[in-house]
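Asker: Give me a 3D structure for the following:
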Amino acid sequence: MTFQVTVTPSGSQFSCEEGETVLSAALRAGVGLPYGCKNGACGSCKGKIVEGSVTHGVHQQRALSDAEEAEGGSLFCCARPNSDLKIEAREIVSGGDYPIKKMPSRVSKLEKLSHDVMLISLQLPANERLQYRAGQYIEFMLRDGKRRSYSMANAPHLDDQITLHVRHMPGGLFTDQVFSTMKERDILRFEGPQGTFFLREDSNKPIILLASGTGFAPIKALVEQLIHTESTRPVTLYWGGRRPEDLYMNSLCEEWAATLPNFKYVPVVSDAQPEDGWTGRTGFVHRAVMEDHAELLNYQVYACGAPIVVDSAKFDFTAMCQLPAEEFYADSFTSEADLVA
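Answerer: You can find the predicted model right below:
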């Protein structure tokens, strides 16, 4: 059985097969619904069922609570139609203009950026280039059928390689391999580009970039894109970590702040120890933003990192700082543990 899905307010329509998720059907049809993890954990694809009904698969309560679902809320990545649907969602006009490909790549470089963060450079096939937007991610296809997602840490114009920042999660199916047995010239297969986190270049609003941990990777790509396009928009980067060593490319950020006329950098450490000698900002990184910007009415915010950081920032910025909800763009870095309801 095939169901018809109509998106409001855009009016876009697409068909959804029985048992298929709304998001999968939209992507297949080239309709740009926002999404992130595709596993019911991050909440990026949240919208509303205006007419019809769906059955939701396993998902996190923080991404869609029972109360929200009772009021018509839906996570389109795990919602399967029971009827024709009319849904309310913020359609992304230019989100799906690069084809999603399955590609082989060769590990060309492994470099430890800190004790638990590895930079991986991937050499792409000589006759094929990955087209993507700064901020998007790829999914590695592992031998057991599982997948792991990582954001590109470089803007697409730079070279024929893509770089990733991988944090070691002890016991992690992929990251244990990265930090133990992976070596240069290994072949990895991935699918991408994925996600709808990318710079909205049709605005002149000042930008707040908010990163926690390796959420810096796609933020770095956004900065490189802004530099490439010679943007004059004011940009302030807030990067948070537990200890100073978690800000593993701090010197690069300081270089940007010293050389880019419209760029400011605010590093924030939440759990500095006496031996760190830290004299900078402390506390929660999104709170540092609020201390500096009581009002965000005329800003755009791009946030990446741990779900608790992204969720807290969105709630507090919109509730307390007047940030329009539609100007908060995020990529929540869910781990395998986050995908278990």
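
Asker: rest of the way, CA atoms for contacts and neighbours
Answerer: Noted.

Asker: can you map out the helices along the stretch 151-300 of the chain?
Answerer: Secondary structure of the stretch 151-300 of the chain (DSSP state H, counting those that start in this stretch): helices located at 175-178, 216-228, 250-259, 285-292.

Asker: so the third one versus helix 216-228, what angle?
Answerer: Put plainly, it is helix 250-259. Counting by axes from the mean of the first three to the mean of the last three CA atoms, to 10 degrees, helix 250-259 lies at 30 degrees to helix 216-228.

Asker: for the last one, same thing?
Answerer: Here helix 285-292 points in a direction 50 degrees away from that of helix 216-228 (the same axes, to 10 degrees).

Asker: Toward the C-terminus, what is the element adjacent to helix 285-292?
Answerer: Per DSSP states H and E, the first helix or strand lying C-terminal to helix 285-292 is strand 300-305.

Asker: Work out the gap between that next one and the centre of the chain.
Answerer: Averaged C-alpha coordinates place strand 300-305 at 8 Å from its chain's average position (CA atoms, centre = their mean, to the nearest Å).

Asker: who does it touch, helix- and strand-wise?
Answerer: Contacts defined by 3 or more CA pairs under 8 Å, 6 or more residues apart in numbering; DSSP states H and E place strand 300-305 against strand 207-212, helix 216-228, helix 307-320, strand 328-332.

Asker: For T163, which of these is the nearest?
Answerer: helix 216-228 (8.8 Å; CA to CA).

Asker: Nearest to F76, out of the helices of the stretch 151-300 of the chain?
Answerer: Closest among the helices of the stretch 151-300 of the chain, once you apply CA to CA, is helix 216-228, at 23.6 Å.

Asker: what does the closest one rub up against?
Answerer: Contacting residues not belonging to helix 216-228 are listed as 134-136, 151-155, 164-165, 198-199, 209-211, 239, 302, 304-305 [CA atoms under 8 Å, 6 or more residues apart in numbering].

Asker: With distance to G277, mean neighbour count and mean pLDDT added, can I get the helices of the stretch 151-300 of the chain in CSV?
Answerer: Output for these, formatted as CSV (distance: least, CA to CA, whole Å; neighbours: other CA atoms under 10 Å; pLDDT from 0 to 100):
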stretch, distance to G277, mean neighbour count, mean pLDDT
helix 175-178, 30, 17, 96
helix 216-228, 23, 23, 97
helix 250-259, 15, 14, 98
helix 285-292, 19, 17, 98
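
Asker: of all these, which lies closest to F333?
Answerer: helix 216-228 (10.8 Å).

Asker: Just want the angle from the closest one to strand 207-212.
Answerer: 150 degrees.

Asker: middle-most residue in the chain, spatially?
Answerer: The geometric centre of the chain, computed from its C-alpha atoms, lies nearest to D331 (CA atoms, centre = their mean), at 2.4 Å.

Asker: For beta bridges, what are the partners of the residue nearest to it when sequence neighbours are not counted?
Answerer: Leaving out its chain neighbours, the residue that sits closest to D331 by CA to CA, 6 or more residues apart in numbering is C304, at 4.9 Å. Counting by DSSP bridges, C304 forms beta bridges with A211, D331.

Asker: what do you get for Q4?
Answerer: In beta-bridge terms (that is, DSSP bridges), Q4 pairs with S15.

Asker: From the contact counts, what lies against the top strand by length along the chain?
Answerer: Identified as the longest strand of the chain according to DSSP state E is strand 101-114. Where contact means 3+ CA pairs under 8 Å, 6+ apart, strand 101-114 is packed against strand 117-123, strand 187-194.

Asker: Quick check: which ranges of the protein have low pLDDT?
Answerer: 93-97, 159, 334-341 (pLDDT under 70).
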